[in-house]
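Enquirer: need a 3D model of the following:
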Amino acid sequence: MPKSKRNRAVTLSKTKKKPGLERKGKVVTEIKDAIERYSSAYVFTYNNMRNQKLKDLRDQLKSSSRIFLAGKKVMQIALGRSAADEAKTGLHKLSKFLQGNTGLIFSNLPRDDVERLFREFEGLDFARTGSVATKTVELKEGPLEQFSHEMEPFIRKQGLPVRLNKGVVELVADHVVCEEGKPLSPQAAHTLRLLGVQMATFRLYLVCRWTSNDFEVYKEGLAQLRAGEADESS
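Expert: Take a look at the predicted model:
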């Protein structure tokens, strides 16, 4: 009779750690290392996150700064949630602002340089479904010469009243793709991409700043953070 697999002994030294716990532990270690390496730390919030744009910023700052976008609780643990367990004096104040769409940046750059960088940085991209249109886009009746005839079936699926006229895609009636202030439907988002219209602006805002002898809250960044939390709860 074969042995039951249920009663098989397991050597504890051979058990595998959960990948998620390993990743979290690594992030905590890296943040604690950054606390020692850099002279200042900031909490920032963002609108319309775009991974490639963030990667470009990381590359731009890699010699002077380090950016973290991780689980809020993981970052709070690394910094310390209270004065009793903070990694350095005053760091727990940052933890209180790690809510919603937020991240950490550690830097050796002067304060003015960091503030200027965040104030000037932005990246345009195509808006996604559910984003609020920043302007009204309307197409007038007539030929859409920017599209090849092979695209006509796909364009029609996006809700545009089109037909082929002698091999040219033609709009048979005026069509409003989106209206300013209203959320984009999946069809509108696809159509804007086809038209090359970018409505999403990836922006970063500093929320607060820490150094070993100073702590500061930025009013604009705090307002953006609060607005983002209100949008998520509505």
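
Enquirer: now the element after the one helix or strand R66 maps to, going C-ward?
Expert: Following DSSP states H and E, one finds R66 within strand 65-68. Where DSSP H and E defines the elements, the next helix or strand beyond strand 65-68 is helix 72-79.

Enquirer: hmm, who's touching that next one?
Expert: Under the contact criterion CB atoms under 8 Å, 6 or more residues apart in numbering, helix 72-79 has outside partners 24, 27-28, 31-32, 35, 41, 68, 86-87, 91-92, 94-95, 98-99, 102, 104. From N, CA and C alone the C-beta is placed, and that goes for glycine too.

Enquirer: same thing but at 6 Å, please
Expert: K24, V27, V28, I31, K32, L91, L94, S95, L98, L104 (CB atoms under 6 Å, 6 or more residues apart in numbering).

Enquirer: and the helix or strand just after that helix, what does it pack against?
Expert: Downstream of helix 72-79, the first helix or strand assigned by DSSP H and E is helix 92-95. Where contact means 3 or more CB pairs under 6 Å, 6 or more residues apart in numbering; DSSP states H and E, helix 92-95 is packed against helix 72-79.

Enquirer: and the helix it packs on, what's buried?
Expert: V74, M75, Q76, I77, A78, L79 (16 or more other CB atoms under 10 Å).

Enquirer: just give me the closest of the residues you listed to L171.
Expert: The shortest approach to L171 among those belongs to M75, at 49.8 Å (CB to CB).

Enquirer: return the subset of the contacts of helix 72-79 lying in strands.
Expert: L104 (DSSP state E).

Enquirer: and the pLDDT at S131?
Expert: You'll see S131 listed with a pLDDT of 88.

Enquirer: again with the one 10 residues further on
Expert: Model confidence at E141, expressed as pLDDT, equals 92.

Enquirer: ok, now the one 3 residues further on?
Expert: At L144, the predicted lDDT confidence score is 90.

Enquirer: got the contact list for it?
Expert: By CB under 6 Å, 6+ apart, the contact list for L144 reads V169, L171.

Enquirer: domains of this structure?
Expert: Split into domains by automatic domain parsing, the chain comes to 24-123+201-233, 138-179.

Enquirer: S131: which of the ones you listed is closest?
Expert: The nearest among those, by CB to CB, is domain 24-123+201-233 at 7.4 Å.
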